[in-house]
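No letters, just coordinates:
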């Protein structure tokens with residue numbers, strides 16, 4: 001195990017690094033989000049885990065190398081900044097747990113490498129029965145095991161990050177809802193150690209890597225992941241379940257659904273979690289794996305229902321409708337079978353006729369629920385048409401509030417990710433003389449969106465680039481919404497379609 005070096009950055013130093021970035025905006029900023037690195041591939045067999053969504057390691061590596069070369073050719077030796085804007089490492093997808101003696105020896109070694117001592121016996125005792133089914137929980141030393149599993153499955157990705165900081169540039173990791181575990185200082189230490197093992201010096205990993213637990217302002221841009229603007233993904237209260245002991249991370253509700261429901265689904269059908277709307281996941285799973293789908297649902301019901309019991313009423317009702325969609329397919333199937341049997345075997349007993357009648361009612365009810373919910377949703381949208389969705393509106397409101405006191409800027413940016421949908425909108429902001437913009441960086445994982453069938457299964461590799469520009473009143477950023485064309489080895493403008501009113 002390579003030595004991570006003598007540098008161990010404290011929480012105060014992490015905050016100081018973030019403040020230094022805000023005080024001295026870099027000349028160029030590249031922003032990517034929602035990569036969702038999971039278990040990756042097995043280096044022995046070359047097989048990719050079925051829950052993995054990010055299969056862009058080599059394109060990402062070439063993307064980083066291209067910009068290192070382009071920035072060097074520009075003749076400006078000031079460092080640039082690469083922002084990984086949340087949901088980069090997807091801890092909810094790591095269900096692998098140590099089982100063999102060699103696994104526990106490796107776990108102990110990677111912990112010792114970052115200054116955390118725990119015996120093999122204690123590590124073995126710490127794994128509970130439920131964790132063997134659904135993956136380790138969010139204690140700091142368990143999160144390090146999960147992270148190391150991601151690093152081993154994505155060596156090319158971390159080598160690219162190591163090259164970036166070794167070239168003299170800066171790296172910022174912003175927390176999202178799938179990587180809330182980055183709150184653990186021990187995990188941030190493990191991240192830097194992984195870059196050292198991938199080729200960076202301890203000095204570069206210490207001085208050039210920063211972390212943000214919320215968001216940050218760089219000149220005229222406010223940047224955050226955006227999960228705090230949705231009920232299922234927001235984290236309320238202290239980030240730790242126990243504020244004093246700081247052992248486990250407080251998870252958003254959506255992470256429990258991912259952990260106990262969607263992970264088992266993706267072991268059956270990879271990429272189903274990417275299908276929008278979510279009903280498409282249900283119907284496809286029921287069609288291809290009817291028995292397994294019920295097994296997954298009932299196996300997860302206890303944990304999901306227990307979590308949702310603590311949720312807001314609206315969130316609980318939304319998930320209840322999801323389950324009705326799930327079970328509705330079964331009512332339809334059973335109803336059709338019973339009605340068909342009753343028709344073929346006419347003259348059955350009064351009991352069977354009653355059974356057929358009630359099953360037919362269940363069938364009609366299931367179809368009615370499915371169509372009714374969609375109709376109500378459409379009617380509400382028509383009655384309350386807005387130019388911006390509530391998500392865009394809430395993100396923009398906070399971002400512009402963060403920039404409000406900086407009156408010398410001619411243009412302002414609010415830059416988020418989270419929704420996996422590239423976006424670019426002009427905001428109704430009268431405080432700046434120029435346009436204020438909402439930008440969403442999108443995702444590098446495959447897309448399955450109903451309103452863009454041409455993108456089914458495609459990865460666009462989008463990012464936002466900010467370049468510092470000198471104006472009469474000072475310096476501020478101007479943006480370019482771009483994507484990496486790996487086939488041609490160039491960046492090119494993103495194609496973003498306009499939106500109908502929400």
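Done, it's in. Please read these numbers as outputs of a predicted model, since none were measured by experiment. Residues are numbered from 1 along each chain as shown.

from the chain's centre, how far out does the helix or strand where residue 121 lies sit?
Using DSSP states H and E, residue 121 sits in helix 120-126. When C-alpha coordinates are averaged (Cα atoms, centre = their mean, to the nearest Å), helix 120-126 and its chain have centres 30 Å apart.

what do you get for stretch 75-85?
The mean C-alpha position of stretch 75-85 is separated from the chain mean by 23 Å, Cα atoms, centre = their mean.

What are the buried residues along it?
Residues of stretch 75-85 classed as buried by neighbour count (16 or more other Cβ atoms under 10 Å): 79-85. The way it works is simple: take the backbone N, C-alpha and C, and place the C-beta from them, glycine included.

which ones among those are found in strands?
When the buried residues of stretch 75-85 are checked against strands (DSSP state E), the matches are 81-85.

ok, the residues you listed vs residue 473, which is closest?
Distance to residue 473, by Cβ to Cβ, is smallest for residue 81 among these, at 22.4 Å.

Show the pLDDT at that closest one.
Confidence at residue 81, expressed as pLDDT, is 98.

Quick check: chain neighbours aside, which residue is closest to it?
residue 26 (4.0 Å; Cβ to Cβ, 6 or more residues apart in numbering).

List the contacts of that neighbour.
Shown here is residue 26, whose contacts under the criterion Cβ atoms under 8 Å, 6 or more residues apart in numbering are 78-81, 170, 218, 468.

Pull up the pairing partners for the lengthiest strand in the chain, direction included.
Longest strand in the chain by number of residues (criterion: DSSP E): strand 474-485. According to DSSP bridges, strand 474-485 has the following sheet partners: strand 462-471 (antiparallel), strand 490-493 (antiparallel).

how close does the residue nearest to residue 213 when sequence neighbours are not counted get to residue 215?
The shortest distance from residue 213 to any residue other than its chain neighbours is 5.1 Å, reached at residue 175 (Cβ to Cβ, 6+ apart). Look at residue 175 and residue 215: by Cβ to Cβ, to the nearest Å, they are 9 Å apart.

So these two - more neighbours on which side?
Neighbours per residue (other Cβ atoms under 10 Å) separate residue 175 from residue 215, with residue 175 holding more: 24 against 21.

Where does the prediction get shaky in the stretch 201-350 of the chain?
Judged against pLDDT under 70, the low-scoring parts of the stretch 201-350 of the chain cover residues 261-350.

let's see it at 90
Low-confidence regions of the stretch 201-350 of the chain, defined here as pLDDT under 90, cover residues 231-232, 236-237, 241-247, 251-350.

quick one, domains of the chain?
In terms of domains, the chain is parsed into 1-93+155-251+406-494, 253-383 (source: automatic domain parsing).

Tell me how far the first one lies from the chain's centre.
Put plainly, it is domain 1-93+155-251+406-494. 12 Å.

what pairs with residue 217 across the strands?
Taking DSSP bridges, one obtains residue 222 as the residues bridged to residue 217.

OK, contacts around it?
Residue 217 sits in contact with 22, 223, 402-403, 406, where contact means Cβ under 8 Å, 6+ apart.
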